[in-house]
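Enquirer: Requesting a structural model of the entry that follows:
(4 chains)
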There are 2 protein chains.
Amino acid sequence: MTGYYQIEGRHLVAVDCIIFGYDIRDKDLKLLLVKRNMDPGRGEWSLPGGFVKEGEGVFEAACRVLNQLTGLQNVYMEQSFAYGDVNRDPGGRVISITYFALIKYLDIDPVKQKTTGAQWRSIKELPILVFDHRKMVDRALRQLREKVKIKPVGFELLPEKFTLVHLQDLYEAIYQRKVDRRNFRKKIQSMNLLEKLEEKEKETSKRGAFYYRFLPANYEEFTRQGFYFNLDVS
Amino acid sequence: MTGYYQIEGRHLVAVDCIIFGYDIRDKDLKLLLVKRNMDPGRGEWSLPGGFVKEGEGVFEAACRVLNQLTGLQNVYMEQSFAYGDVNRDPGGRVISITYFALIKYLDIDPVKQKTTGAQWRSIKELPILVFDHRKMVDRALRQLREKVKIKPVGFELLPEKFTLVHLQDLYEAIYQRKVDRRNFRKKIQSMNLLEKLEEKEKETSKRGAFYYRFLPANYEEFTRQGFYFNLDVS
DNA sequence: CCAAAAGTGTTAGGCTTACACCCATGC
DNA sequence: GCATGGGTGTAAGCCTAACACTTTTGG
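Expert: Below is the predicted model:
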């Protein structure tokens, strides 16, 4: 701090994380939520968040919050929006910058989850959230839906090996609508993002479905050029 | 301020405005820039900005900055990004939230412009900007290009009456590429956003080109449903 | 053998793109 | 009458979207 600037007009700055996870079992997009452990709003459902510390970058702060909650590092995380209304937080003037993260549902550290009390909640039936957190979620979800069209970020939400059925279910969960199976498979396979494995998943059907893995090299190629993945409406 | 929170870890928060204007004469998309009037970086080219005051919303702060510079109110303005790296500003730890605004080139208050020394600079040859402002501009420009596909925001940049030639030139300036004239006209006219006027513009050609005006009612309709205006690449 | 899920192609319509000539007017 | 910029239509190809039957296998 070289001290060029005034010291008046400093603000508390927080980060709040919209952490998406996808449950392959119940085909449901979920958010990782916590019960707020400070006043005001103590005990209410809240996005996980924290104040940005001195000497800490805002993005780093979001990573810290995520890591403390899940034990994860290097996950997909993207800034969503800065919320700066004076009265958005009844506890005081706090500017909050939100990030949305995509993590693999099963990757979170169960010990951490127990101590923090974080819980996955379906985006279809979110509890009442504290302050303006619901607005934050809605915006992040809109952004996720846009992002998925441009970048195959959906893969961040799936385990290493997945079937085309899993992938389609994921898209349907994100958009909350049905997708034509043949068109979906045609399109996704034409992108050369996937490698078909020998192995089959046999839990959900007798016939079994081939596992696929996602090819990071081609993925990079794709996202650089900005592909366009438009799902048909049904 | 009800004083629930710690008083440690407060931060200076600034807003910086990426103000786009379009010069119908030289068919050039421009930015309104200022010479920085504080250390460090005094005298260097900079985005217009300012610190968020106590009791002032972040968006309001951006409006204030814009208004002080141009005298304008109620212009199109959208949050771009929050820049929160610890060392982004060598003068101290400042978190900056950027907004991009679209204004009509000729609307700015000439008195204010004289006192602030603000100048329009072509996006094709921007001067060196202070700190990370160039990154801010690049991001805002990318966002503008995306936005224009989804919302006919281009109209914010044109005067009340404009010709189809003007409109096409604007798109070409935003995307920095040629657009097919017939396809452009077909598409834009199919949208029912424009009202053809009797009057002709006769400055740039002998024959003259019809003026159009833009129909706010239909515009609202369009942007709500999220239209898609994809320009062809040439 | 049957239930349950996986897998597979074709066609029609709409949108995108490429492309060239006539029109109106001031000088 | 000619130079300058404004204005117009059509055809080919591509992408989107709708749609139904066969395959596999565990029980």
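Enquirer: Distance from the chain centre to the helix or strand containing A:His11, please.
Expert: Following DSSP states H and E, one finds A:His11 within strand A:10-23. How far strand A:10-23 lies from its chain's middle: 10 Å, per Cα atoms, centre = their mean, to the nearest Å.
Enquirer: Contact residues of chain A facing chain B?
Expert: Within reach of chain B by Cβ under 8 Å from any Cβ of the partner chain, chain A has these residues: A:1-6, A:8-13, A:38-40, A:51-59, A:61, A:79, A:81-82, A:84-86, A:90-95, A:97. Just so you know, the C-beta spots here come from the backbone N, C-alpha and C atoms, and that holds for glycine as well.
Enquirer: Report the buried members of these.
Expert: Buried members of those, scored by 16 or more other Cβ atoms under 10 Å in any protein chain shown, are A:5, A:9-13, A:51-52, A:56-59, A:61, A:79, A:81-82, A:84, A:86, A:91-95, A:97.
Enquirer: which among those are in contact with DNA strand D?
Expert: When Cβ under 7 Å from any atom of the strand is applied, no member of these is adjacent to DNA strand D.
Enquirer: quick one: which of those residues sit in helices?
Expert: The members of those that map onto helices under DSSP state H are A:58-59, A:61.
Enquirer: Mind putting these into TSV with distance to DNA strand C and pLDDT?
Expert: TSV is the format used below for these (distance: Cβ to the nearest atom of the strand, whole Å; pLDDT from 0 to 100):
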residue	distance to DNA strand C	pLDDT
A:Val58	38	98
A:Phe59	36	98
A:Ala61	41	98
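Enquirer: could these be laid out in CSV, adding distance to A:Glu125?
Expert: What follows is those, written out as CSV (distance: Cβ to Cβ, whole Å):
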residue, distance to A:Glu125
A:Val58, 31
A:Phe59, 31
A:Ala61, 30
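Enquirer: out of those residues, who's nearest chain B?
Expert: Nearest to chain B, judged by Cβ to the nearest Cβ, of these is A:Val58 at 2.6 Å.
Enquirer: domain assignment for chain A?
Expert: Chain A breaks down into these domains under automatic domain parsing: A:12-149, A:153-225.
Enquirer: For A:Gln68, give me its contacts.
Expert: Contact analysis of A:Gln68 by Cβ atoms under 8 Å, 6 or more residues apart in numbering or on different chains lists A:50, A:112, A:116.
Enquirer: who wins for most neighbours among those?
Expert: A:Thr116 (18 neighbours; other Cβ atoms under 10 Å in any protein chain shown).
Enquirer: so where do the helices sit in chain A?
Expert: For chain A, helices defined by DSSP H occupy the ranges A:58-70, A:110-116, A:133-150, A:164-175, A:181-190, A:216-225.
Enquirer: where are the low-confidence patches of chain A?
Expert: For chain A, the stretches with pLDDT under 70 are A:1-2, A:7, A:221-234.
Enquirer: can you pull the contacts of the closest residue to A:Asn192 other than its chain neighbours?
Expert: Once flanking residues are discounted, A:Asn192 sits nearest to A:Asn218: 5.3 Å by Cβ to Cβ, 6 or more residues apart in numbering or on different chains. Each residue near A:Asn218 by Cβ under 8 Å, 6+ apart is listed here: A:191-193.
Enquirer: Is there a quick ChimeraX command that grabs whichever of the residues you listed are buried?
Expert: Of these, the buried ones can be selected in ChimeraX as follows, counting by 16+ other Cβ under 10 Å:
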select /A:193
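Enquirer: Show me which of the contacts of A:Asn218 is closest to DNA strand D.
Expert: Proximity of the contacts of A:Asn218 to DNA strand D (Cβ to the nearest atom of the strand) peaks at A:Met191, which lies at 10.8 Å.
Enquirer: so how far is DNA strand C from that closest one?
Expert: 15 Å (Cβ to the nearest atom of the strand, to the nearest Å).
Enquirer: Got phi/psi on that residue?
Expert: Note on A:Met191: backbone dihedrals following degrees, to the nearest 10 are phi -90, psi -10.
Enquirer: how much space is there between it and A:Leu164?
Expert: A:Met191 is 12 Å from A:Leu164, where distance means Cβ to Cβ, to the nearest Å.
Enquirer: And for A:Arg121?
Expert: A:Arg121 is 27 Å from A:Leu164, by Cβ to Cβ.
Enquirer: I figured A:Glu8 was touching B:Val52, is that so?
Expert: No. The pair A:Glu8 and B:Val52 fails to qualify as a contact (Cβ atoms under 8 Å) at a distance of 11.3 Å.
Enquirer: ok so, going back, and the contacts of A:Asn218 as TSV, adding distance to DNA strand D?
Expert: Listed next are the contacts of A:Asn218 as TSV, based on distance: Cβ to the nearest atom of the strand, whole Å:
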residue	distance to DNA strand D
A:Met191	11
A:Asn192	14
A:Leu193	15
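Enquirer: Out of the contacts of A:Asn218, which comes closest to B:Lys178?
Expert: A:Met191 (29.3 Å; Cβ to Cβ).
Enquirer: Locate the residue of chain A with the greatest distance from its centre.
Expert: A:Tyr4 (38.1 Å; Cα atoms, centre = their mean).
Enquirer: what does chain A have sitting close to DNA strand C?
Expert: Residues of chain A lying near DNA strand C (Cβ under 7 Å from any atom of the strand): A:163-165, A:181-183, A:185-186, A:204-210.
Enquirer: Which ChimeraX command selects the buried ones in these?
Expert: A single ChimeraX command selects the buried members of the residues of chain A next to DNA strand C (16+ other Cβ under 10 Å):
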select /A:163,164,165,209
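Enquirer: Before I go, just wanted to say thanks for your time.
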